[in-house]
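Colleague: Okay, predicted coordinates and the sequence, questions at the end:
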Amino acid sequence: MTGRAVDDIESEFAETGYGPFKESVAEAVVEFLAPVRERYTVAVGDRAALEATLVAGADKAREIASGVLARARRAVGLLS
């Protein structure tokens, strides 16, 4: 997540216990996920836009899935 080489990380924590290593990993994960958390916060802040996006996604998925399902039914001999 940090882009650092494994050898460098091993060297840094060679003389320490798991505590400092786990703390460093937690900090790296929090930093890595910060942009995702920010986008999530914005998304849930605009409930109407979120609902519209979900509805549009569901409609598109339903449209794609209906064609796939129809082909699958024909392939196994079921009538649609």
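Modeller: Structure's in. What do you need?
Colleague: Next, the contact list for Ser66, please.
Modeller: By Cβ atoms under 8 Å, 6 or more residues apart in numbering, the contact list for Ser66 is empty. For every residue, glycine as well, the C-beta is placed using N, CA and C.
Colleague: Looking at the record's assignment, how would you partition the protein?
Modeller: By the assignment in automatic domain parsing, the chain contains the domains 1-45, 47-80.
Colleague: With mean pLDDT added, can I get the ones you listed in JSON lines?
Modeller: Output for these, formatted as JSON lines (pLDDT from 0 to 100):
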{"stretch": "domain 1-45", "mean pLDDT": "94"}
{"stretch": "domain 47-80", "mean pLDDT": "92"}
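Colleague: contacts for stretch 71-80?
Modeller: Leu69, Ala70.
Colleague: Tell me how far that stretch lies from the chain's centre.
Modeller: Chain-centre distance of stretch 71-80: 34 Å, with Cα atoms, centre = their mean, to the nearest Å.
Colleague: Kindly report the same for stretch 47-62.
Modeller: 18 Å.
Colleague: Same check on stretch 24-32?
Modeller: The answer for stretch 24-32 is 16 Å, by Cα atoms, centre = their mean.
Colleague: OK, contacts around Pro20?
Modeller: Pro20 makes contact with Phe13, according to Cβ under 8 Å, 6+ apart.
Colleague: Let's see that with 10 Å instead.
Modeller: Shown in contact with Pro20 (Cβ atoms under 10 Å, 6 or more residues apart in numbering): Glu12, Phe13.
Colleague: The residue nearest in space to the middle of the chain sits in which helix or strand?
Modeller: Geometric centre of the chain, nearest residue: Val36, 8.5 Å, by Cα atoms, centre = their mean. Under the criterion DSSP states H and E, the helix or strand holding Val36 is helix 18-45.
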